[in-house]
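Colleague: this one's structure only:
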């Protein structure tokens, strides 16, 4: 067995695995090329016929590099999982509808029996007609639901086959095989999504209803059975491929940063900036613990104005989708709401404990750190719940919320990550982390940790694995940092918080 071969146990093989590297149109020719323009893999036979005018033809060896770790491979796996979840919900819906028909039949039979007890013999013929009608209607729609369940089952089998093949390739295949699998499975998964959408549009929830004849005349009819049909109340939005495999665009991969300038504060003296954020309209906001001021810069990093806080401000976070920000304190039991447009504090909300420390926000929640707990408030400052931490570590100063909803917080020489319910996800500690300050994330979920003593920025994956250590000799006593909205710039409270340094990312 050569070093390029890989043994796999038979029981780990999916039921259907298509790892053929040959073109389906030109069986004897392998996939050697990838057309970026058409986003398809192709062989030598495909080039003159379909891609003669294409200028973006690349080797499949280059295009498929790192495919198993690519977003497109993850998207293909997620798409199959997404379809299976939808199919499972549809199957449960059909089963529930089937069970409901059974229960409704029982209830109607009880109603008929009750009426029968109060009726005389002249209703017998009407009852027989009614029972026949009930049986026919129920049988008709039961058969239809059974057919629908079979169609759903066939789709489940097909989708599981694709999912198992992708999992097999991820665990045992090469990057090239992963690349081929992505593009081979894409039209199959898209077709399955289309079929799921068609089924949903054709499904109806069916109800059997007995309508009693309340006429007091000599009409011998007991009543009638009505069938009510309503469209299926099931939402299914097809999973969208979020990016092409080659080339990668739209998301910045940050590997370094270079100093541009320090913001000119126009004779304002900073004493110790401990909190920094940026609003939806690119207003840079930072607070100074020692001067008790909140400062504002425009989208061009030009200092505009400041406002004074009645308390020592520690951290500040802009609320997405609004023109408001929230400020926490180190020693006082309040959070303050800041109107960014009017540059003024509009209200304060008292917390259960003093010394709130770090603050983070989403469009729905405000997160405040208090020792071994995290208080979750709504965007008006009303307490919703408290997250008690399982880790023994005390939260140092800062907290952040990741794109996936997980919560990160620092503890001097370590960074911890928990779910929104408080379940531990990971802890990252390193000899290079000597005094972790705040953490921020990029648009793909990477976590950046600012270290005060080492002057490093540690880049972690969303699962807590070290990706890179980014060092810059222009850092000195960095206290806190944040990205610009487009991630093109990095703002750092540098020089022990006495200046705001602006770096460009690359």
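Modeller: Arrived safely, thanks for sending. Since this is a predicted model, take the numbers as computed values, not measurements.
Colleague: Flag every buried residue along the helix or strand harbouring residue 196.
Modeller: Element membership for residue 196, per DSSP states H and E: helix 175-202. For helix 175-202, burial by neighbour count (16 or more other CB atoms under 10 Å) applies to 175-186, 188-189, 192-193, 195-196, 199-200. Quick note: C-beta positions are derived from backbone N, CA and C, even for glycine.
Colleague: And for stretch 399-415?
Modeller: In stretch 399-415, counting by 16+ other CB under 10 Å, buried: 399-402, 406-415.
Colleague: What is the distance between that stretch and the centre of its chain?
Modeller: Offset of stretch 399-415 from its chain centre (CA atoms, centre = their mean, to the nearest Å): 17 Å.
Colleague: tell me the helices in the stretch 1-150 of the chain, going along the chain?
Modeller: Taking DSSP state H, counting those that start in this stretch as the criterion, the stretch 1-150 of the chain contains helices spanning 46-50, 60-63, 71-117, 124-172.
Colleague: Which stretch among the ones you listed approaches residue 212 most closely?
Modeller: Nearest to residue 212, of all the helices of the stretch 1-150 of the chain, is helix 71-117, at 6.8 Å by CB to CB.
Colleague: Which neighbouring elements make contact with that closest one?
Modeller: helix 124-172, helix 175-202, strand 204-212 (3 or more CB pairs under 8 Å, 6 or more residues apart in numbering; DSSP states H and E).
Colleague: Go again with 10 Å.
Modeller: Judged by 3 or more CB pairs under 10 Å, 6 or more residues apart in numbering; DSSP states H and E, helix 71-117 is in contact with helix 124-172, helix 175-202, strand 204-212, strand 223-231.
Colleague: got a markdown table for the ones you listed, with mean pLDDT and distance to residue 81 too?
Modeller: Converted to a markdown table, those look like this (pLDDT from 0 to 100; distance: least, CB to CB, whole Å):
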| stretch | mean pLDDT | distance to residue 81 |
| --- | --- | --- |
| helix 124-172 | 85 | 7 |
| helix 175-202 | 83 | 11 |
| strand 204-212 | 79 | 26 |
| strand 223-231 | 78 | 26 |
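Colleague: Identify the residue nearest residue 274 in space, chain neighbours excluded?
Modeller: Residue nearest to residue 274 in three dimensions, not counting chain neighbours: residue 289, with 4.8 Å by CB to CB, 6 or more residues apart in numbering.
Colleague: From residue 446, how far off is the one you found?
Modeller: 29 Å (CB to CB, to the nearest Å).
Colleague: where are the low-confidence patches of this structure?
Modeller: Filtered on pLDDT under 70, the chain yields the residue ranges 1-18, 118-123, 214-220, 232-235, 239-252, 353-356, 390-396.
Colleague: now the most centrally placed residue in the chain, what's its secondary structure?
Modeller: Of all residues in the chain, the one closest to the mean position by CA atoms, centre = their mean is residue 404, 5.1 Å from it. The local conformation at residue 404, judged by DSSP: H, G, I helix; E, B strand; the rest coil, is coil.
Colleague: That one against residue 418, yeah?
Modeller: No - taking contacts as CB atoms under 10 Å, residue 404 lies outside contact range of residue 418: 12.0 Å.
Colleague: Can you check which residues contact both of these two?
Modeller: residue 425 (CB atoms under 10 Å, 6 or more residues apart in numbering).
Colleague: before we move on, the earlier item: distance to residue 28 and secondary structure for the buried residues of stretch 399-415 - can I get that in CSV?
Modeller: Below are the buried residues of stretch 399-415 laid out as CSV (distance: CB to CB, whole Å; DSSP: H, G, I helix; E, B strand; the rest coil):
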residue, distance to residue 28, secondary structure
399, 60, strand
400, 55, strand
401, 54, strand
402, 49, coil
406, 50, coil
407, 55, strand
408, 53, strand
409, 59, strand
410, 59, strand
411, 61, coil
412, 63, strand
413, 60, coil
414, 57, strand
415, 54, strand
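Colleague: What segments of the stretch 401-506 of the chain are strands?
Modeller: Using DSSP state E, counting those that start in this stretch, the strands found in the stretch 401-506 of the chain span residues 407-410, 414-418, 424-429, 436-441, 447-451, 456-460, 466-471, 480-483, 489-494, 499-505.
Colleague: Now render the ones you listed as a markdown table, adding distance to residue 350.
Modeller: What follows is the strands of the stretch 401-506 of the chain, written out as a markdown table (distance: least, CB to CB, whole Å):
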| stretch | distance to residue 350 |
| --- | --- |
| strand 407-410 | 23 |
| strand 414-418 | 26 |
| strand 424-429 | 30 |
| strand 436-441 | 25 |
| strand 447-451 | 30 |
| strand 456-460 | 35 |
| strand 466-471 | 40 |
| strand 480-483 | 25 |
| strand 489-494 | 28 |
| strand 499-505 | 31 |
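Colleague: And these: which comes nearest residue 68?
Modeller: strand 466-471 (16.8 Å).
Colleague: Identify the residues contacting that closest one?
Modeller: 253-257, 428, 430, 432-433, 446-449, 451, 454-461, 490, 505.
Colleague: roughly how far apart are the residue nearest to the centre of the chain and residue 446?
Modeller: As judged by CB to CB, residue 404 and residue 446 stand 12 Å apart.
Colleague: My read is that residue 370 contacts residue 329, right?
Modeller: No - Residue 370 is not in contact with residue 329 according to CB under 10 Å; the separation is 11.5 Å.
Colleague: Have a look at these two and say which one is more surrounded.
Modeller: residue 329 (25 against 19; other CB atoms under 10 Å).
Colleague: beta partners for that one?
Modeller: Following DSSP bridges, residue 329 is listed with bridge partners residue 313.
Colleague: That one and residue 357: what is the separation?
Modeller: 9 Å.
Colleague: what does residue 228 give?
Modeller: On the measure of CB to CB, residue 228 and residue 357 end up 58 Å apart.
Colleague: out of the two, which sits in the more crowded spot?
Modeller: When residue 228 and residue 357 are compared for neighbours, residue 357 comes out ahead with 20 against 10, by other CB under 10 Å.
Colleague: can you count the residues close to the residue nearest to that one when sequence neighbours are not counted?
Modeller: Using CB to CB, 6+ apart and skipping the chain neighbours, the partner closest in space to residue 357 is residue 369 (4.4 Å). Here the count is done by other CB under 10 Å, and residue 369 has 27 residues near it.
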